[in-house]
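>>> here is the input, now give the coordinates:
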Amino acid sequence: MRFIVVLWRFAIAGFCFVGTYEAWSKPQFWVYFTFQTGFVLGIVMLWSGAATLLKGIQPPAWLKGCLTVYATVTALVAFFLMPPDDPAYVPQVIGIMTNTMLHKIAPIMAVIDFVLFDPHRRFRWHYMFSWLAYFPAYLVFVLARAAIWPGSGPAAGGSPYPYDFIDLDALGWQGFGISCGKLAMAFFVISLVVWLLDRALPSKALLG
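Model prediction:
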């Protein structure tokens with residue numbers, strides 16, 4: 001079973017790295033939330049897979065939980081908020097669109113990894129709050145970048161805002177604030193669910 005877990009984690013890392021490879025030739029893609037979190041997820045899964053193989057030190061529980069939260073966010077946004085990808089414009093590897101790898105396959109596999117292969121009851125109560133620190137930092141990054149490089153893309157027409165629901169130019173400050181407030185509430189609910197799930201599951205990994 002240990003080697004299955006290793007392969008599973010390396011597969012997640014592979015999907016993450018293939019899903020983000022475009023950003024190395026199009027650096028404006030790094031403004032996407034999913035590219036940032038997906039790349040970090042790939043690094044952590046590579047670390048976790050190697051640690052499982054070599055019986056080494058696993059990533060900290062806080063970090064694994066944080067990435068589980070953002071993987072869940074990525075999948076939910078991909079399924080419910082984003083329009084379907086057009087195969088004519090999205091690169092494909094082994095017949096799978098890279099966006100599908102990054103936004104759906106890798107996040108779902110990461111959540112399964114957390115549920116089945118991780119030990120549980122390791123999260124402190126305050127983790128559900130500290131996991132959320134990345135979200136406001138990301139918003140500050142997006143706003144600062146838009147102010148400094150207003151026509152830098154990656155959105156259509158050169159808009160620096162990666163998503164319609166955080167497009168300050170289109171929403172205005174009031175609409176932007178309302179949208180961010182809704183997102184923050186959704187992030188907190190997901191964070192709470194991940195924390196509660198960790199408390200509900202047995203301390204020993206279900207598999208592995």
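>>> and Thr34, what element?
helix 33-54 (DSSP states H and E).
>>> dump the residue contacts of Asn99.
19, 78, 85, 90 (CB atoms under 8 Å, 6 or more residues apart in numbering). All C-beta atoms are positioned from the backbone trio N, CA, C, and that covers glycine.
>>> for the third one, list the residues it contacts.
So the one you mean is Asp85. 97, 99-100.
>>> do that again at 6 Å, thanks
97, 99 (CB atoms under 6 Å, 6 or more residues apart in numbering).
>>> phi, psi for it please.
phi -70, psi 150 (degrees, to the nearest 10).
>>> for Pro91, see how far away it is.
10 Å (CB to CB, to the nearest Å).
>>> which parts of this protein are helices?
2-19, 33-54, 61-80, 98-100, 106-117, 127-130, 134-148, 168-200 (DSSP state H).
>>> do you know which of the ones you listed lies nearest Pro160?
helix 134-148 (3.9 Å; CB to CB).
>>> would you mark the buried spots in the closest one?
134-135, 138-139, 142, 145-146 (16 or more other CB atoms under 10 Å).
>>> and those residues as TSV, adding distance to Pro162?
As requested, those are exported to TSV (distance: CB to CB, whole Å):
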residue	distance to Pro162
Tyr134	15
Phe135	14
Tyr138	10
Leu139	11
Val142	7
Arg145	10
Ala146	10
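>>> count the residues that sit near Arg9.
Using other CB atoms under 10 Å, Arg9 has 24 other residues around it.
>>> that one and Gly49 touch, don't they?
Yes. Using CB atoms under 6 Å, Arg9 makes contact with Gly49 at a distance of 3.4 Å.
>>> for this protein, where's the lowest mean pLDDT among helices and strands?
Of all helical and strand segments in the chain, the minimum by mean pLDDT, DSSP states H and E falls on strand 92-93, at a mean of 85.
>>> give the rounded mean pLDDT of stretch 201-208.
For stretch 201-208, mean pLDDT rounds to 90.
>>> and the contacts of it?
Contacts of stretch 201-208 (CB under 6 Å, 6+ apart): 1, 5, 116-121.
>>> what does stretch 124-143 give?
Counting by CB under 6 Å, 6+ apart, 62, 65-66, 69, 187, 191-192, 195 sit against stretch 124-143.
>>> which intervals of the protein have sub-threshold pLDDT?
208 (pLDDT under 70).
>>> still on that earlier bit, and the buried ones among the contacts of Asn99, selectable in PyMOL?
The PyMOL selection below is limited to those of the contacts of Asn99 classed as buried (16+ other CB under 10 Å):
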select buried, resi 19+78
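>>> ok, which pair from the contacts of Asn99 is furthest apart?
Most distant of those, by CB to CB, are Ala78 and Val90, 12.5 Å apart.
>>> residues near the closest residue to His120 other than its chain neighbours, how many?
Closest residue in space to His120, ignoring its immediate chain neighbours: Leu201 at 4.1 Å, by CB to CB, 6 or more residues apart in numbering. Leu201 has 17 neighbours, counted by other CB under 10 Å.
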